[in-house]
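J.: Have a look; sequence and predicted model below, questions after that.
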Amino acid sequence: MALDMARETFIDLEPVLDEVHGIWDDADVFTKYRVALTFMGKIMGGVPQKPEAIEGWIRQRVIGGDEEVRQLMRQTLEDLEIDTSEMVTIEDYQAAAKRFAAEQHGNTFRRDANGLFLADYQIKAGLKENCNILYAGDRWGKTKKGPRSFLAERVFVDEPRIYLGRTQSDGMHLQVGHVTGPKGPRSTLTYYDYCEQPSVTFTVSSLRDELEAKHWKEIFLAMQRNGIGALRSMGYGQFRVTGFDKM
């Protein structure tokens, strides 16, 4: 319950403006494609998370008998010169979890009253990144722009919020790292909320439909493997395109 309450406090308060119609219809300028993606495993949140959410998760794991988390917590507290030798009661672990969480880092998803979502810029960034991976050095169009800039000026994600179909994440992932500091090597912990195999849909608008069909296919094929979200270098956030239809 404490964990759910802590997560509920992370609400995206940025307003979404009602659609405003201009005096010209953009139908003759933009070609729209409806895209559907299904993630193959976990997609990790990348928005900094409040310590209270980490605290609740740690407390549940430690009191529930997770020895790995307990030992990591003990070692970190000892590194902070906090005595853990007499930590035996639930209250001891609750207090220790609070101190421990304050020193850790966590990441979650953006959310509003409708649930967890990806932002449009995450999709746009993925399209630009993978376009650059594939075509860096080429020149596209009459302006002879680099492909990344060419795409950035012509392709837009219509929905500012792309919902993951969840009101809460499916779980929290603990990522153990190793750093060397003044006291020598030590473990670092970072926590990531994740969603397991969500499906999303969104619309992309292409100015004058100047990207070729093979470009769309190759960019999304590369993007599938490179993924979306946090911890992509570890293979998280990979997906498959399940729909790409001209509207």
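T.: Received the coordinates, thanks.

J.: In the protein, where's the longest strand?
T.: Using DSSP state E to define each element, the chain has its longest strand at strand 184-196.

J.: List the buried residues of it.
T.: 189-195 (16 or more other CB atoms under 10 Å). The way it works is simple: take the backbone N, C-alpha and C, and place the C-beta from them, glycine included.

J.: Using pLDDT, spot the least trustworthy of those.
T.: pLDDT across the buried residues of strand 184-196 is lowest for Leu189, at 74.

J.: distance of that one from Arg59?
T.: Remark: distance between Leu189 and Arg59 (CB to CB, to the nearest Å) = 14 Å.

J.: again, but for Pro147
T.: Noted for Pro147: a distance of 49 Å to Arg59, by CB to CB.

J.: can you check Lys217 too?
T.: Applying CB to CB, the value for Lys217 to Arg59 is 48 Å.

J.: So those two - more neighbours on which side?
T.: Arg59 (23 against 12; other CB atoms under 10 Å).

J.: and the more buried one, what element?
T.: helix 51-63 (DSSP states H and E).

J.: for that helix, what is the average pLDDT?
T.: 70.

J.: same question, stretch 201-214
T.: So the average pLDDT for stretch 201-214 ends up being 96.

J.: looking at the protein, which helix or strand is least sure?
T.: helix 2-8 (a mean of 40; mean pLDDT, DSSP states H and E).

J.: Following element in sequence after it, please.
T.: Scanning forward in sequence from helix 2-8 by DSSP H and E, the next helix or strand is strand 30-39.

J.: Other residues contacting that following strand?
T.: Contact with strand 30-39 is made by 156, 158, 195, 197-209, 216, 220, 228, 237-247, as judged by CB atoms under 8 Å, 6 or more residues apart in numbering.
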